[in-house]
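K.L.:
next input, structure requested:
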Amino acid sequence: MVVVNCATGTLSPYTDSSTLPWNTRRATHLFRRIGFSATELERESAISQNPQSLIDDLISAASNAPLSPAPQWGFWSYNDYMANGLDYSAERDSSLDEMGLLWFKDLMDNPVRGKLSIFWHNHFVAEQETYDCPSYLFQYYRKIQENIFGNFKEFTRAIGLEPAMLVYLNGADNTKLNPNENYGRELFELFTLGVDNGYTQQDIEETARALTGYNNFSDYCGTVSFNEDNFDDGIKTIFGQTGNWNYDDVINILFDQRANEIANFICGKLYKFYVHPEINETIVEGLANTLIANNFDLLPVYQQLWKSEHFFDEKVMNVIVKSPIDTILSTSKEVGFDLSTDERKLAMWWYSSYMGQYIGNPINVAGWPGNRAWISTEMLTIRWGLLSWFAWEVHEVTPQRMYDLAIHLVGGDDLTSSAELVVQNVIDYFIPGGLRDPVHYERATLVFKADIPSNYYDNGQWNLQWDTIHWQMALLIDHIGKMPEMQLM
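P.N.:
This is a model prediction of the structure:
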């Protein structure tokens, strides 16, 4: 199925206007796209602020936050486990669980940086199940955090020397006597240029020779350093440039000779992740110009995109399928599901993997394709089950939340609001922009009214003070969770 991008907005800064009003819908769109949604109170607070200032504040808070703390084992090798009286094999799974908690906590506490960490993890892919070292996973994640708001050229340079990447893409096997093309190929095809875009097989072969030598392991799961004896110090020609090139030279030549291709490729991926599954070439070209003009610093690109009128165009809203992580974190926040305990965080970490997004292990080196790929017969039913659990768990454990949400969404004072108004406001809260066909509101109203005789509604006896509100809201939210529109952001 072809998805058409009908957005017409430009990269000019977004301002509140009669045609693009700064309202709850656009505030929700902002929070969902650059983070993981917002509560009803956070949305209302947002629309009282200037949108440009709000975005600046969100970016500033994300970029200035401290890095996630290193776990005790974060830089340990196999011998370090032994030196601390721990058996590596026995501790491996608990270390991975701890890493999952650390990453999940950052997604919750710093959603803007957290969402960017998912984007870059899915770009610079390294699958933990291949390199199989918890310490490598932490170091790889730390490197992503360190570079998220930095310079893309230096990000590319740094990530390629991470032990996780050297093992995953065979850089650690690449020697002058036995050159391995794997990392050189993915450096061009997936990390910087795109498939068949500005490089040849000879460029890959010569690049592989230049990347040799990073094979000196201190220990299993230990540091990987440069071994000059394994480096091919012969003359290589890469992108028409000839010399005795090494790892740093490859990065410098790549970004010098293919700047336009790199900028357009990266900005296109950012656009598809944050804006629309179908690229707007004019917008991507403008972002690419900004990336090049700022010597590949990423922050100006984020700022330009997220603050643009194009980002807030009506036609880019509710067109991207929520990822499993988006589904979990956004819906739990909106419903009021408690994710404060480590047990629940870890449960959600694994639940995301059941829905197809195992953080730390994208499906292959090209990453998760995203969008429609998140929806299959199997994955959709798992998603429905999760959203149903959220609704009924809140109803059972914190029923007051259901009551408060209903009251808040109808205005806070009118306890005599009709069931139809309650249903419409609740749907429009979870699905900003609402439903196109009125019949779907009618069906949802029937669900909400279930098991209460119609005469109580007809004669005005039913109201928001009834003690049935808790389970009526749970029924309604469970129903909403199965709507196609609920899967979009």
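K.L.:
quick one, strands of the stretch 251-400 of the chain?
P.N.:
For the stretch 251-400 of the chain, applying DSSP state E, counting those that start in this stretch gives no strands.
K.L.:
just the helices in it please.
P.N.:
Read by DSSP state H, counting those that start in this stretch, the stretch 251-400 of the chain holds these helices, from start to end of the chain: 259-274, 281-293, 299-306, 324-335, 342-354, 377-397, 399-409.
K.L.:
could those be laid out in JSON lines, adding mean pLDDT and mean neighbour count?
P.N.:
Heads up, the C-betas are built off the backbone N, CA and C, glycines and all. Shown next, in JSON lines, are the helices of the stretch 251-400 of the chain (pLDDT from 0 to 100; neighbours: other Cβ atoms under 10 Å):
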{"stretch": "helix 259-274", "mean pLDDT": "98", "mean neighbour count": "20"}
{"stretch": "helix 281-293", "mean pLDDT": "98", "mean neighbour count": "18"}
{"stretch": "helix 299-306", "mean pLDDT": "98", "mean neighbour count": "19"}
{"stretch": "helix 324-335", "mean pLDDT": "98", "mean neighbour count": "23"}
{"stretch": "helix 342-354", "mean pLDDT": "94", "mean neighbour count": "17"}
{"stretch": "helix 377-397", "mean pLDDT": "95", "mean neighbour count": "17"}
{"stretch": "helix 399-409", "mean pLDDT": "94", "mean neighbour count": "18"}
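K.L.:
turn those into JSON lines, columns for distance to Ile144.
P.N.:
What follows is the helices of the stretch 251-400 of the chain, written out as JSON lines (distance: least, Cβ to Cβ, whole Å):
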{"stretch": "helix 259-274", "distance to Ile144": "15"}
{"stretch": "helix 281-293", "distance to Ile144": "18"}
{"stretch": "helix 299-306", "distance to Ile144": "15"}
{"stretch": "helix 324-335", "distance to Ile144": "15"}
{"stretch": "helix 342-354", "distance to Ile144": "17"}
{"stretch": "helix 377-397", "distance to Ile144": "26"}
{"stretch": "helix 399-409", "distance to Ile144": "34"}
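K.L.:
Pro51 is nearest to which of the ones you listed?
P.N.:
With distances scored as Cβ to Cβ, the stretch of the helices of the stretch 251-400 of the chain nearest to Pro51 is helix 299-306 (9.9 Å).
K.L.:
what's the closest one packed up against?
P.N.:
Using 3 or more Cβ pairs under 8 Å, 6 or more residues apart in numbering; DSSP states H and E as the contact definition, the elements that helix 299-306 packs against are helix 24-34, helix 51-64, helix 259-274, helix 281-293.
K.L.:
one step back: of all the helices of the stretch 251-400 of the chain, which one is nearest Glu181?
P.N.:
When those are compared for distance to Glu181 using Cβ to Cβ, the nearest one is helix 259-274, at 19.7 Å.
K.L.:
then that closest one to CSV, C-alphas only?
P.N.:
Output in CSV follows, covering the C-alpha atoms of helix 259-274 (Å, rounded to 0.1, in the frame of the first residue of the first chain):
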residue,chain,number,x,y,z
ALA,A,259,28.7,15.0,2.7
ASN,A,260,25.5,15.6,0.7
GLU,A,261,24.7,11.9,0.4
ILE,A,262,25.2,11.4,4.2
ALA,A,263,23.2,14.4,5.2
ASN,A,264,20.2,13.5,3.0
PHE,A,265,20.3,9.9,4.1
ILE,A,266,20.4,10.7,7.9
CYS,A,267,17.8,13.5,7.7
GLY,A,268,15.6,11.2,5.7
LYS,A,269,15.7,8.6,8.4
LEU,A,270,15.0,11.2,11.1
TYR,A,271,12.1,12.5,9.0
LYS,A,272,10.5,9.0,8.7
PHE,A,273,10.9,8.3,12.4
TYR,A,274,9.6,11.6,13.7
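K.L.:
who does that helix touch, helix- and strand-wise?
P.N.:
Helices and strands touching helix 259-274, by 3+ Cβ pairs under 8 Å, 6+ apart, are helix 111-121, helix 281-293, helix 299-306.
K.L.:
any chance of the ones you listed in CSV, plus distance to Asp93?
P.N.:
Below are the helices and strands packed on helix 259-274 laid out as CSV (distance: least, Cβ to Cβ, whole Å):
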stretch, distance to Asp93
helix 111-121, 21
helix 281-293, 40
helix 299-306, 36
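K.L.:
distance check, the nearest residue to Leu387 once chain neighbours are set aside against Ala373.
P.N.:
Spatial nearest neighbour of Leu387, chain neighbours left out: Gly481 (3.1 Å); criterion: Cβ to Cβ, 6 or more residues apart in numbering. Distance of Gly481 to Ala373, given as Cβ to Cβ, to the nearest Å: 20 Å.
K.L.:
next: Tyr199.
P.N.:
From Tyr199 across to Ala373, the span is 27 Å (Cβ to Cβ).
K.L.:
more neighbours, those two?
P.N.:
Regarding Tyr199 and Ala373, a neighbour count based on other Cβ atoms under 10 Å identifies Tyr199 as having more, with 24 against 13.
K.L.:
so Asn170 touches Asn180, yeah?
P.N.:
Yes: here Asn170 reaches Asn180: they are 4.5 Å apart, a contact under Cβ atoms under 8 Å.
K.L.:
after the helix or strand Met82 falls within, which helix or strand is next?
P.N.:
Secondary structure here is read from DSSP states H and E; on that basis Met82 sits in helix 78-83. Under the assignment DSSP H and E, the closest C-terminal helix or strand after helix 78-83 is helix 88-109.
K.L.:
buried ones in that next one?
P.N.:
For helix 88-109, a neighbour-count test (16 or more other Cβ atoms under 10 Å) marks 88, 91-92, 95-96, 98-104, 106-108 as buried.
K.L.:
now do stretch 455-467
P.N.:
Applying a neighbour-count criterion of 16+ other Cβ under 10 Å, one finds 457, 462, 464 buried in stretch 455-467.
K.L.:
what do you get for stretch 3-15?
P.N.:
Applying a neighbour-count criterion of 16+ other Cβ under 10 Å, the buried positions in stretch 3-15 are 5, 7, 9, 11, 14.
K.L.:
check contacts around Ser295.
P.N.:
Rather than Ser, residue 295 is Asn. Contacts of Asn295 were listed using Cβ atoms under 8 Å, 6 or more residues apart in numbering, and they are 151, 153.
K.L.:
returning to what we had before: what pLDDT does the residue nearest to Leu387 get?
P.N.:
Looking at Gly481, its pLDDT is 97.
K.L.:
and it, what are its phi and psi?
P.N.:
Gly481 has phi and psi values of phi -60, psi -20 when expressed as degrees, to the nearest 10.
K.L.:
show me what contacts it?
P.N.:
Taking Cβ under 8 Å, 6+ apart as the contact definition, Gly481 lies against 331, 383-384, 387-388, 390-391.
K.L.:
can you do 7 Å?
P.N.:
384, 387-388, 391 (Cβ atoms under 7 Å, 6 or more residues apart in numbering).
K.L.:
redo the residues you listed as CSV? Include distance to Glu278.
P.N.:
What follows is those, written out as CSV (distance: Cβ to Cβ, whole Å):
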residue, distance to Glu278
Trp384, 27
Leu387, 27
Ser388, 32
Ala391, 33
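K.L.:
go through those and name the one nearest Lys153.
P.N.:
Leu387 (41.4 Å).
K.L.:
separation between the closest one and Asn425?
P.N.:
For Leu387, the distance to Asn425 equals 19 Å [Cβ to Cβ].
K.L.:
likewise Met483?
P.N.:
Distance, Met483 to Asn425, by Cβ to Cβ: 15 Å.
K.L.:
now do Phe273
P.N.:
For Phe273, the distance to Asn425 equals 31 Å [Cβ to Cβ].
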